[in-house]
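> Predicted structure and sequence below. I'll ask about it afterward.
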Amino acid sequence: MVITKTTPKKILDKLPFPISGRAKAYRDPVFVAGDSPVTLDVNTDLGRNAIDGFIINDGAGIFNIEISDDGANWSNEFRLNNGETLQLTNVNIDSIKLTWLTNSSYRALFI
């Protein structure tokens with residue numbers, strides 16, 4: 001997995017095949033303990049796995065992120081602190097799991 005800053009156009013230009021232009025955005029302006037864990041089912045929402053995306057921690061708190069390429073097996077946890085962005089580039093993304101640590105908010109977009 002490569003975590004870098006890029007644009008969707010740069011990623012799409014590198015692919016050996018065309019993909020759908022669909023994108024799915026997620027947002028929770030008040031991510032609290034009762035919301036956790038939340039699984040963003042990107043595959044169901046897009047009709048395929050995503051290949052690129054980002055998650056932004058907009059809140060004052062902290063949460064953990066796990067990534068799955070099949071909806072059943074999960075990566076190690078990534079901690080996202082206030083103001084940080086996790087950029088996912090050329091990653092096979094079926095689902096994303098967010099686990100509350102302290103009250104926060106997030107925005108996410110996947111293509």
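Good, I have the coordinates. Residues are numbered from 1 along each chain as shown.
> what's the neighbour count on Asp45?
Number of residues near Asp45 (other CB atoms under 10 Å) recorded here: 16. In this view, the C-beta of every residue, glycine as well, is placed from N, C-alpha and C.
> Now do the helices in the chain.
For the chain, applying DSSP state H gives helices covering 8-14, 42-46.
> Which one of these has the poorest average confidence?
Comparing mean pLDDT over those, the weakest stretch is helix 8-14, at a mean of 55.
> For Leu98, give the beta-bridge partners.
Val38, Ile65 (DSSP bridges).
> Over to Leu86?
Here Leu86 sits in beta bridges with Ile55, as judged by DSSP bridges.
> ok, now how distant is it from Ile67?
Look at Leu86 and Ile67: by CB to CB, to the nearest Å, they are 9 Å apart.
> okay, the two: which has more neighbours?
Using other CB under 10 Å, the more surrounded residue of Leu86 and Ile67 is Ile67, with 23 against 18.
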